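Asks: When you get a sec, could you give me coordinates for this:
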Amino acid sequence: MQLHLCRPSPALRKWIDRYWICEGYLPLHELEYKLPDAHTSLIFNLRHDRLRIYGQGTPDRYEQMPGAIAAGPKTSRYWLNTACQNACLGIEFKPGGAHPFLGGWMSVLQDGDIPLQEAIKHPDTVNLRCELSELSVPMERFQRVEQFLIDCLARQIDIPRGHSAVAAGLRVLAENPAAFLVRDMADLANLSAERFIQLFKRETGLTPKQYAGVVRFQRAVEHLRRKPEVDSLELALACGYYDQPHFNRDFRLRSGMTPKDMLRRRDIVFNHVPV
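Replies: Model (predicted):
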């Protein structure tokens with residue numbers, strides 16, 4: 001398997017975290033699931049104009065979607081068909097960064113995906129996947145999606161800037177998800193708690209509580225990989241959980257395994273868990 005990564009140009013760095021291309025992914029297993037992720041992404045199947053999208057939490061029901069989709073943030077593990085990932089390109093947005101491109105779709109993308117042609121009304125969305133598949137050099141593909149994204153912004157009369165209260169909330173969550181309190185953040189911005197939650201979900205696709213939960217979980221996974229010998233209670237507290245039972249329950253609910261189970265696995269690659 002080859003993985004190509006690319007950072008966005010300065011023109012898009014405010015909104016985009018990175019681009020990636022995965023090629024030659026041919027594992028023996030047909031199914032796998034990916035761990036929860038708070039990012040929103042655009043995904044292109046470079047081989048075929050189709051993607052299997054599974055129902056939340058189940059590997060036995062799926063629908064066929066076109067080979068270019070907008071993938072919303074996921075609060076629990078979600079299933080993937082490996083044949084659809086043989087050659088893929090992804091655009092990974094920063095927290096809140098997808099809002100200028102997807103607009104009102106962010107409020108309904110939690111744990112869901114939609115065809116790109118529905119998500120972004122741009123004349124190039126019809127043929128963009130085909131154009132990318134016909135290019136053979138990764139950098140040429142990255143440059144093409146950059147051109148597409150920049151043109152999406154250029155066509156807007158007014159680019160949504162995002163609310164300062166949401167940006168402040170995302171900074172607090174990145175530092176310490178356990179310290180985040182909706183009421184405190186709303187008061188600082190002179191907003192009601194309900195209005196702050198509405199703005200946060202509009203820009204990130206998740207409520208503050210949902211987003212904080214995914215951030216805590218992701219932090220726990222990172223700690224397990226870096227320091228597998230750490231005491232489980234110490235790990236729970238370091239990641240923002242109130243106690244070890246709460247940590248164990250949440251971890252199993254989101255990942256389908258206990259922290260000890262994950263430590264024993266040696267086949268998890270980029271948060272993809274073979275089945």
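Asks: going forward, measure contacts between C-alpha atoms and count neighbours the same way
Replies: OK.
Asks: Count residues in the vicinity of the residue nearest to Thr40 when sequence neighbours are not counted, would you?
Replies: Distances taken as C-alpha to C-alpha, 6 or more residues apart in numbering place Gly72 nearest to Thr40, at 4.7 Å, with adjacent residues excluded. Using other C-alpha atoms under 10 Å, Gly72 has 26 other residues around it.
Asks: give me phi/psi at Gly72?
Replies: Backbone dihedrals for Gly72, given as degrees, to the nearest 10, come out at phi -80, psi 170.
Asks: For it, report the pLDDT, please.
Replies: What the model reports for Gly72 is a pLDDT of 96.
Asks: for the longest helix along the chain, packing partners?
Replies: When the chain is parsed with DSSP state H, its longest helix is helix 208-226. Helices and strands touching helix 208-226, as assessed by 3 or more C-alpha pairs under 8 Å, 6 or more residues apart in numbering; DSSP states H and E, comprise helix 164-175, helix 193-204, helix 232-238, helix 244-255, helix 259-264.
Asks: and Pro274, what does it touch?
Replies: Residues near Pro274 by C-alpha atoms under 8 Å, 6 or more residues apart in numbering: His29, Leu31, Glu32, Tyr33, Asp267, Ile268.
Asks: To which secondary structure element is Ala11 assigned?
Replies: Under the assignment given by DSSP states H and E, Ala11 is not contained in any helix or strand.
Asks: Do me a favour and get the end-to-end distance for stretch 67-84?
Replies: Terminal residues of stretch 67-84 lie 9 Å apart, using C-alpha to C-alpha, to the nearest Å.
Asks: from the chain's centre, how far out does it sit?
Replies: Here stretch 67-84 shows a centroid-to-chain-centroid distance of 9 Å under the convention C-alpha atoms, centre = their mean, to the nearest Å.
Asks: go on, stretch 209-228?
Replies: Stretch 209-228 sits 14 Å away from the centroid of its parent chain (C-alpha atoms, centre = their mean).
Asks: Low-confidence ranges, the chain, go.
Replies: Residues of the chain meeting the criterion pLDDT under 70: 56-57.
Asks: Show me the domain layout of it.
Replies: The record, using automatic domain parsing to delimit domains, assigns the chain the ranges 2-154, 164-263.
Asks: Straight-line length of the longest one, end to end?
Replies: In other words, domain 2-154. Terminal-residue distance, domain 2-154 (C-alpha to C-alpha): 33 Å.
Asks: Same question for the shortest one.
Replies: End-to-end span of domain 164-263 (C-alpha to C-alpha): 39 Å.
Asks: Just give me how far that domain sits from the chain centre.
Replies: Using C-alpha atoms, centre = their mean, the distance between the centre of domain 164-263 and that of its chain works out at 15 Å.
Asks: cool, and the longest one?
Replies: Distance, stretch centre to chain centre, for domain 2-154: 9 Å (C-alpha atoms, centre = their mean).
Asks: From Leu149, how far off is the nearest residue to Ile268 once chain neighbours are set aside?
Replies: Sequence neighbours aside, Pro274 is the residue nearest to Ile268 in space, at 7.0 Å (criterion: C-alpha to C-alpha, 6+ apart). For Pro274, the distance to Leu149 under the criterion C-alpha to C-alpha works out to 33 Å.
Asks: cool, Pro73 as well?
Replies: Shown here: Pro73 relative to Leu149, a distance of 20 Å by C-alpha to C-alpha.
Asks: Comparing these two, which shows the higher neighbour count?
Replies: Pro73 (25 against 17).
Asks: In contact with the more buried one: list those residues for me.
Replies: Applying C-alpha under 8 Å, 6+ apart, one finds that Pro73 lies in contact with Pro36, Asp37, Ala38, His39, Thr40, Leu109, Gln110, Asp111, Gly112, Gly205, Leu206.
Asks: if I read this right, the residue nearest to Thr40 contacts Glu203, doesn't it?
Replies: No: checked against C-alpha atoms under 8 Å, the pair Gly72 and Glu203 is beyond contact range at 11.5 Å.
Asks: Same list (the helices and strands packed on helix 208-226) but as a markdown table, adding distance to Asp187 and mean neighbour count.
Replies: What follows is the helices and strands packed on helix 208-226, written out as a markdown table (distance: least, C-alpha to C-alpha, whole Å; neighbours: other C-alpha atoms under 10 Å):
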| stretch | distance to Asp187 | mean neighbour count |
| --- | --- | --- |
| helix 164-175 | 10 | 16 |
| helix 193-204 | 8 | 20 |
| helix 232-238 | 27 | 17 |
| helix 244-255 | 28 | 17 |
| helix 259-264 | 37 | 14 |
